[in-house]
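**Student:** Below is the sequence, then the predicted model.
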Amino acid sequence: MTMAGGWIGRRDMMAGIGAAGLLGGRARAAAQPFRFLTNWYAQAEHAGFYQAAAKGFYAAEGLDVTMEAGGPQVNGAQLLLAGHYDMIIGGADEAMTARSRGMPMTAVATTFQKSLGGLLAHADIGRLEDLRGHTILLSTEVRAAVWPYLRRRFGFDDGQVRPYAYDIRPFVLDPGVAIQAFATSEPYAVQQKGIPYKFFMLADYTVENYGNALVTTEAVLGTRRDAIARFLRASMRGWADWLAHDPSPANDAIRKANPMMSEAQILWSRGIFLSLGVFGAAGTPIGPMAPARCRAVRDFLVAAGLLPPDADWTRACDFSFNPAMDARLPAI
C-alpha cells in the first residue's frame, strides 16, 4: 500500500499470511490500484485503515490500496464523482442528498455506528438550548446539514452563526463562543489547555446517524464490486486488530503522515471510541449498516427540509457488502 498526500494539521498476522496463500495468484498478480480518500488529516478516526495497510491485510486480499488524506479544502464528493477515487469517507446522509440531486453516490459501509459530531460549549452551558444568544461557529457543511433543524427546535437565530475555521482559539479566548466539534478532536485540544467544557453530541438531538461512512459511486459498483468487498473486509479487520492488539503499526503510520498528531491524542481518541461504544456491541461485526437506520436518516433529512418528501434513499445505501465484513468487535 502506498500512502500519498502529506497533509499536515488536524485475527493475527499468521492468519493474514494464510489468507495471502489461499488467494494465490490473485494476491500476486499486479492489481489495479484501489484509490481511497479519507475525510481529514491522518488521525485515530482512520486507524483501522492504517492498521490494515501496515499489517498487510490489504495485500492479503490482493489489493494495492493508495490512501490519501482529506482536509478542509478537499471536496471528497467532487473528487469521487470525477473518478479520482474508488472510495471516500463521507456520510450516508451525504449520499442521500447527492442522489436527490442526480449524483450517483452510494454508502456501502460505516466506520462508526454513531456519528461523533457535536457542539462544544463552555462548562456553564447546561443544556443545548442555553446557547441561545451565544456565538456559534459552524462550517458551511454543518450549517447546511443540521443548523436549520437546530434553529427551529431550539429557537436559535441565524445571527448567532459565524464561520468555523477549524481553529479553537476563538473558543479559548471567548467564554461566550461555542464551536462545532468532533468528540475526539476539539475536546482533546481544549482539555490540554485546562478549559472546562460541555460536549453535546448532535446524534442525541437529531438522528442516530452513522459516522465516517464509506461511499463510492455507481460506476465503481458496476465494475469493482469484488475489490470493494475485499477492501471492506480488510479494513474492518484492521479496526478489530487495532482495538484488540498492538495499535502501534497504525499509530506510527498516522504520526508519519501527520506529524502534528501525537501518540497521546491517538490513544485518548481510542478511549473515547470505547467509552461511547461507537463500533457497537462486543461480538458484533464492524462496518455493516442497516436498512432501518438508513431509513431513519432519510426521514430526518426530509423533516429537516434537506430532502424532498418523495426522496428515495434505497439507491444511496447498498447493504449487499455486509456479509463481507466478518471482523467482529473484540471484548475490551
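**Tutor:** Looks like it arrived, so ask away.
**Student:** Okay, now the unreliable bits of this structure?
**Tutor:** Along the chain, the parts satisfying pLDDT under 70 run over 1-30.
**Student:** Spell out which residues make up each domain of it.
**Tutor:** 2-114+209-324, 117-204 (automatic domain parsing).
**Student:** The nearest residue to G211 once chain neighbours are set aside: neighbouring residues, count only.
**Tutor:** In space, G211 comes closest to F112 once its chain neighbours are excluded; the distance is 3.4 Å by CB to CB, 6 or more residues apart in numbering. C-beta here means a position set from N, CA and C on the backbone, and glycine is covered the same way. Residues lying near F112 (other CB atoms under 10 Å) number 22.
**Student:** who's in contact with F112?
**Tutor:** Going by CB atoms under 8 Å, 6 or more residues apart in numbering, F112 touches 210-212, 273, 278-279.
**Student:** In helices, which of those residues appear?
**Tutor:** Counting by DSSP state H, these place F273 in helices.
**Student:** circling back: measure the residue nearest to G211 to R151 for me?
**Tutor:** 26 Å (CB to CB, to the nearest Å).
**Student:** Would you pull up how far stretch 122-129 lies from the middle of the chain?
**Tutor:** 26 Å (CA atoms, centre = their mean, to the nearest Å).
**Student:** Any chance you could list what contacts that stretch?
**Tutor:** Contacts of stretch 122-129 (CB under 8 Å, 6+ apart): 119, 131, 134, 150, 154-155, 171, 175-178, 195-198, 200, 205.
**Student:** same deal with stretch 148-165?
**Tutor:** So stretch 148-165 is contacted by 128-129, 131-140, 142-143, 147, 179-180, 205-206, 300, 303-306 (CB under 8 Å, 6+ apart).
**Student:** Mark which of those are buried, thanks.
**Tutor:** 128, 131, 134-138, 142-143, 147, 179-180, 205-206, 300, 304, 306 (16 or more other CB atoms under 10 Å).
**Student:** returning to that earlier point: determine which stretch of the domains of the chain is the most buried.
**Tutor:** For the domains of the chain, the largest average neighbour count (mean count of other CB atoms under 10 Å) is found in domain 2-114+209-324, namely a mean of 19.
**Student:** mind putting the contacts of F112 in a markdown table, distance to R101 included?
**Tutor:** Output for the contacts of F112, formatted as a markdown table (distance: CB to CB, whole Å):
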| residue | distance to R101 |
| --- | --- |
| Y210 | 20 |
| G211 | 23 |
| N212 | 22 |
| F273 | 33 |
| V278 | 29 |
| F279 | 31 |
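**Student:** Tell me the one among the contacts of F112 nearest to P33.
**Tutor:** N212 (21.8 Å; CB to CB).
**Student:** In this structure G176 contacts R132, no?
**Tutor:** No. Between G176 and R132 there is no contact under CB atoms under 8 Å: 11.7 Å.
**Student:** Quickly list what's touching both of these two.
**Tutor:** With CB under 8 Å, 6+ apart, G176 and R132 have no common neighbours.
**Student:** L173 versus the residue nearest to G176 when sequence neighbours are not counted, what's the distance?
**Tutor:** Leaving aside its chain neighbours, G176 sits nearest to H134 (5.3 Å; criterion: CB to CB, 6+ apart). Going from H134 to L173 by CB to CB gives 14 Å.
**Student:** just G71 next, same as before
**Tutor:** Distance from G71 to L173, by CB to CB: 24 Å.
**Student:** cool, and A219?
**Tutor:** 47 Å.
**Student:** one step back: now, which of the contacts of stretch 148-165 lie within strands?
**Tutor:** 135-138, 179-180 (DSSP state E).
**Student:** what's the closest of those residues to R101?
**Tutor:** Closest to R101, out of all of the ones in strands among the contacts of stretch 148-165 and judged by CB to CB, is L138, at 21.7 Å.
**Student:** Quickly list what that closest one is bridged to.
**Tutor:** P163 (DSSP bridges).
**Student:** and it, what does it touch?
**Tutor:** L138 neighbours (CB under 8 Å, 6+ apart): 147, 161-164, 180.
**Student:** how far does stretch 142-159 stretch from start to finish?
**Tutor:** Chord length of stretch 142-159, first to last residue, is 16 Å (CA to CA, to the nearest Å).
**Student:** could you pull out the helices for the stretch 51-200 of the chain?
**Tutor:** 57-60, 76-81, 92-100, 140-145, 147-154, 169-173, 186-192 (DSSP state H, counting those that start in this stretch).
**Student:** those strands in this protein, which residues are they?
**Tutor:** So, for the chain - with DSSP E - the strands run 2-4, 33-37, 64-68, 87-90, 105-112, 117-122, 135-138, 161-163, 177-182, 197-201, 211-217.
**Student:** out of the helices of the stretch 51-200 of the chain, which comes closest to W40?
**Tutor:** helix 76-81 (9.9 Å).
**Student:** Can you tell me, leaving aside adjacent residues, what's nearest to A229?
**Tutor:** Nearest to A229 is A324, by CB to CB, 6+ apart, at 4.1 Å.
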